[in-house]
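Undergrad: sequence first, predicted coordinates after that:
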Protein chains: 2
Amino acid sequence: MLRAELISLIQKKRSFLCIGLDTDLSKIPQHLLTAEDPAFEFNKQIIDATNDLAVAYKPNLAFYECNGVRGWQSLAKTIQYLKKFEVFTIADAKRGDIGNTSTQYAKAFFNPDQSGLDFDAVTVAPYMGEDSVKPFLEFSGKWVVLLALTSNKGAEDFQFFSSEGKKLFEQVLTQSKTWGSEENMMFVVGATKAEMLSTIRKIVPDHFLLVPGVGAQGGSLQEVAKYGLTKDCGLLVNSSRNIIYASKEKDFAEKAREEALKVQQEMEVLLSSLNS
Amino acid sequence: MLRAELISLIQKKRSFLCIGLDTDLSKIPQHLLTAEDPAFEFNKQIIDATNDLAVAYKPNLAFYECNGVRGWQSLAKTIQYLKKFEVFTIADAKRGDIGNTSTQYAKAFFNPDQSGLDFDAVTVAPYMGEDSVKPFLEFSGKWVVLLALTSNKGAEDFQFFSSEGKKLFEQVLTQSKTWGSEENMMFVVGATKAEMLSTIRKIVPDHFLLVPGVGAQGGSLQEVAKYGLTKDCGLLVNSSRNIIYASKEKDFAEKAREEALKVQQEMEVLLSSLNS
């Protein structure tokens, strides 16, 4: 999906919500466990109930890989199903390796003829540098979402490592933004560090940011919007557990929709303020 | 596998060779492509031909994931087959995410009842810090192989980012070694940076190091051994392409054995110098 298409989707749906599909068989409603593919059945019902409210979906690879081959089957069916809707899709995989290996990872997520998966974007870890990221940027219309400042406690261990007043995550932003453009790179910035967004916007004023950590991890949508919104929106805010596990009963999809609607309505107000 | 068992395996085989199973369907011998599972058939023949010479095998996940569900089936069969031999197994996956997600990744590689995969170790990227690494350390007898200084050109982008004279990879080593012990953590140090090994040995004198980059990437085994060997060996040196693609013909397994034997013989000399 091109940047212009993503922006137009955000305007049309009046939402910049990304729903994280962290689908855990021990947390989904019990009655689904007898389905042929419980994880896919859960995802399908969540997607059916929320696709007019969310602009993006982000399956978290770990939750599929932990079920081995069966998990990858659920993932493949999920991305095929997502293709029926006007949504941006992100493989939250945190990949990255030497060049020839990253090329294989890129094929895994971007080349459906070979892998069965056809995501719009994949999250990538920056530690191994430019040649670990560039292979993902060679696919037209596809995106790298590079980790910059993450939402977890461990973000403080190395991301704030500082050289001459510049922190590592700032160096990652500064250097990596030259590897691609606003048309094929986004950055992960955790909502739990919303106040850092003004610093980050000085380095990447126009790039889209993928913001996890709103909801279960304690981040605030208002704070994120205050510091992160651009004239094109420039944000995809992810919520996973708060939406998909809003209920563990048969009404889970309905309750997920209710939660997604609350977020979308808040986002609609924030977006309308951009145009006023 | 416990550290003592790994050391005893190294002594018994007089080798610290790790063979990287970067199994690429476009590079394996043509005649295998008609097999039911070409990637597994290739791996099986390589393993059969080399398991007395190698102490470890390291499937590179990207080369399986790029073939989607089919690739994961090949990977699962490969690790099940490896379990028949006395070898240490490493999932070269470069994973790492927030705590609850890393827990799922750990299950993917360490919990065969759930995922079908039962590796001894997994490579992990350090960018997200302690809570992204610790879930992998909670599995008894399992190992984290944390990226410290990688063998690729992009290693220079962030790993040498320097604070008060200390480089990021040194900080990663210093800080992360407190998260586990020599019994459950190793570090990736690229052979292309062998001269840095003496610095690294000052920080982690006893930890095992996984050293990629010998062979196709240009690193020297003699240099790596000179700076990296400890009284317990302390090294696993990986070779992938030089061994597994030594021939593209029907004699590929035999030629792979010849290449592995050359490396093992060089290693035997290096190991015997430890005891003299």
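TA: Received, thanks. Because the structure is predicted, anything quoted here is derived from the model rather than measured. Numbering: from 1, shown residues only, chains lettered A, B, ... in the order given.

Undergrad: could you list the contact residues of the stretch 101-250 of chain A toward chain B?
TA: A:101-102, A:104-105, A:107-108, A:111, A:114-117, A:125-133, A:147, A:150-159, A:161-163, A:168, A:171-172, A:175, A:217 (CB under 8 Å from any CB of the partner chain). Yep, even glycine has a C-beta here, placed from its N, CA and C like the rest.

Undergrad: weed out the non-buried ones from these.
TA: A:101-102, A:104-105, A:107-108, A:111, A:114-117, A:125-133, A:147, A:150-152, A:154-155, A:157-159, A:161, A:163, A:168, A:171-172, A:217 (16 or more other CB atoms under 10 Å in any protein chain shown).

Undergrad: among these, name the ones in helices.
TA: Among these, the ones falling in helices (DSSP state H) are A:101-102, A:104-105, A:107-108, A:114-115, A:130-133, A:155, A:157-158, A:168, A:171-172.

Undergrad: which phi and psi does A:Lys44 have?
TA: phi -60, psi -50 (degrees, to the nearest 10).

Undergrad: now it: how far from A:Pro38?
TA: 11 Å (CB to CB, to the nearest Å).

Undergrad: neighbour count: those two, which is higher?
TA: A:Pro38 (20 against 17; other CB atoms under 10 Å in any protein chain shown).

Undergrad: hmm, the more buried one is touching A:Lys27, no?
TA: No: the pair A:Pro38 / A:Lys27 is not scored as a contact, 11.2 Å apart, by CB atoms under 8 Å.

Undergrad: the strands in the stretch 101-250 of chain A, which residues?
TA: For the stretch 101-250 of chain A, applying DSSP state E, counting those that start in this stretch gives strands covering A:121-124, A:143-149, A:162-163, A:166-167, A:185-189, A:208-211, A:235-239.

Undergrad: neighbouring strands for the last one, and are they parallel or not?
TA: Right, strand A:235-239. strand A:17-21 (parallel), strand A:208-211 (parallel) (DSSP bridges).

Undergrad: now the longest one, how far from the chain's geometric center?
TA: Meaning strand A:17-21. When distances are taken as CA atoms, centre = their mean, to the nearest Å, strand A:17-21 is centred 7 Å away from the chain's centroid.

Undergrad: what's the answer for stretch A:113-133, then?
TA: 13 Å.

Undergrad: show me what the lengthiest helix in chain A is in contact with.
TA: For chain A, the longest helix by residue count, based on DSSP H, is helix A:252-274. Helix A:252-274 is contacted from outside by A:10-11, A:13-17, A:19, A:28-29, A:42, A:45-46, A:48-50, A:53-54, A:214, A:221-222, A:225, A:229, A:231, A:233, A:237, A:239, A:242-247, using CB atoms under 8 Å, 6 or more residues apart in numbering or on different chains.

Undergrad: got any ranges where chain A has weak pLDDT?
TA: Judged by pLDDT under 70, chain A has its weakly predicted residues at A:216-217, A:276.

Undergrad: next one: the spatially most distant residue from the centre of it from B:Asn67, what distance?
TA: Farthest-out residue of chain A from its mean C-alpha position, per CA atoms, centre = their mean: A:Glu164, at 31.7 Å. Taking CB to CB as the measure, A:Glu164 falls 45 Å from B:Asn67.

Undergrad: then A:Lys83?
TA: Distance from A:Lys83 to B:Asn67, by CB to CB: 20 Å.

Undergrad: for those two, indicate the residue with more neighbours.
TA: B:Asn67 (23 against 12).

Undergrad: what residues are up against the more buried one?
TA: A:114-115, B:25, B:39, B:74.

Undergrad: looking at these, which is nearest B:Phe139?
TA: The closest of those to B:Phe139 turns out to be B:Ser74 (CB to CB; 23.8 Å).

Undergrad: shouldn't that closest one be within a strand?
TA: No: read with DSSP: H, G, I helix; E, B strand; the rest coil, B:Ser74 is helix and lies in no strand.

Undergrad: grab the nearest non-local neighbour of it.
TA: Leaving out its chain neighbours, the residue that sits closest to B:Ser74 by CB to CB, 6 or more residues apart in numbering or on different chains is B:Ala39, at 3.9 Å.

Undergrad: and for the one you found, the neighbour number?
TA: Neighbour tally, B:Ala39, other CB under 10 Å: 25.

Undergrad: and what of A:Gln11?
TA: 15.

Undergrad: who touches it in this structure?
TA: A:Leu271.

Undergrad: got the contact list for A:Leu149?
TA: Here A:Leu149 is in contact with A:155, A:159, A:169, A:188-190, A:193, A:196, A:200 (CB under 8 Å, 6+ apart).

Undergrad: tell me the one of these nearest A:Glu182?
TA: A:Ile200 (14.0 Å).

Undergrad: the closest one and A:Tyr227, how far apart?
TA: Distance from A:Ile200 to A:Tyr227, by CB to CB: 8 Å.

Undergrad: which one's more surrounded, these two?
TA: A:Ile200 (21 against 18).

Undergrad: which residue, other than its chain neighbours, is closest to A:Val69?
TA: B:Trp72 (4.8 Å).

Undergrad: what is the burial count for the one you found?
TA: There are 26 residues near B:Trp72, going by other CB under 10 Å.
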